[in-house]
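>>> quick one, structure for this:
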Amino acid sequence: MTTPWPELFEVHGDHVSVVPLTMKHEAELAKAAADGELHKLWYTMIPKPEDMSKEINRRLRLRKIGSMLPFTVIDKKSGKAVGMTTYMNIDAPNKRVEIGSTWYRKSVQRSALNTECKLLLLEHAFEKLDCICVEFRTHFINHQSRRAIERLGAKLDGILRSNMIMANGSIRDTAVYSIVVQEWPTVKANLHWQLEKPR
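Below is the predicted model of the structure:
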C-alpha cells in the first residue's frame, strides 16, 4: 500500500508546533473545545468535547484514504494542544490542498498562533510539496473566519451557493479563497511582517 501524499510531517515555529494528529491528544483537545463552548457556534463544525475521540477517528480514517492530513496545533508557551487543522480536499495529481477544518480554543484566538500556524503550513505546501495552489473555505456568514483568511493574503475565488447542509438543517453558502504559487513570495513576506509587529 502506497503512503498517501503528502507524507506525515511536523513543523515548528516560535509560537506553535503543528504535529500529526493522534489519539494521545484527545484529552487536551477536549479541554480546548470546551473553552468558549465552540461547538455551539452553529455556522461552524467544531466537535463537542465529549465527541473528540469520534472526531479524531474520523479525521484519521480520511488520512487512510488519502483525502486529509490532520494535525494537532500545540501552543509552545503552554505545551498543550489548543486546536486542530488539516490539509484536506487533497489533489495529488494537481498539487493542490485546502487548509481547513481548523479550530482553536477561545483563549488563543486572534493571537500570533494562527498566523504562524498558517505560515508554516503554507510554507510546507509551496516550498516542500511544490503545490500550485492552496485553498481556504468557510461559511459565507462566518465573518471572523473570512477576515482571518483575507489577512493571510488569500483572494476570494467565489461563493458556492447552497453548498452544504449544516447540522441545524440550514444551507451553507461557502466562500472559497486561494493563494497561488506566484503570490506566495508576497504572502510569505507579509505574514512574517505580521508576526514581527508589536501586538
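>>> number of nearby residues for residue 35?
Per other CB atoms under 10 Å, the neighbour tally for residue 35 reads 16. C-beta: built from backbone N, CA, C; applies to glycine.
>>> show the pLDDT at it.
On the pLDDT scale, residue 35 is placed at 85.
>>> buried ones in the lowest-mean-pLDDT helix or strand in the chain?
With mean pLDDT, DSSP states H and E as the measure, the helix or strand of the chain carrying the lowest mean pLDDT is helix 143-152 (a mean of 92). Of all the residues in helix 143-152, those buried under the rule 16 or more other CB atoms under 10 Å are 145, 146, 148, 149, 152.
>>> residue 173 against residue 159, yeah?
Yes. Using CB atoms under 8 Å, residue 173 is in contact with residue 159, at 5.5 Å.
>>> okay, and for this protein, where does confidence drop off?
Scanning the chain for pLDDT under 70 picks out 1, 39, 41-43, 198-199.
>>> residues contacting residue 12?
18, 76, 120 (CB atoms under 8 Å, 6 or more residues apart in numbering).
>>> oh, that last question was meant for residue 102, not what I typed.
Each residue near residue 102 by CB under 8 Å, 6+ apart is listed here: 83, 84, 85, 86, 114.
>>> can you select the buried ones among these for me in PyMOL?
The buried residues among these can be selected in PyMOL (16+ other CB under 10 Å) with this line:
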select buried, resi 83+84+85+86+114
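>>> mind checking which of the contacts of residue 102 are in strands?
Assigned to strands by DSSP state E, the following of the contacts of residue 102 qualify: 83, 84, 85, 86.
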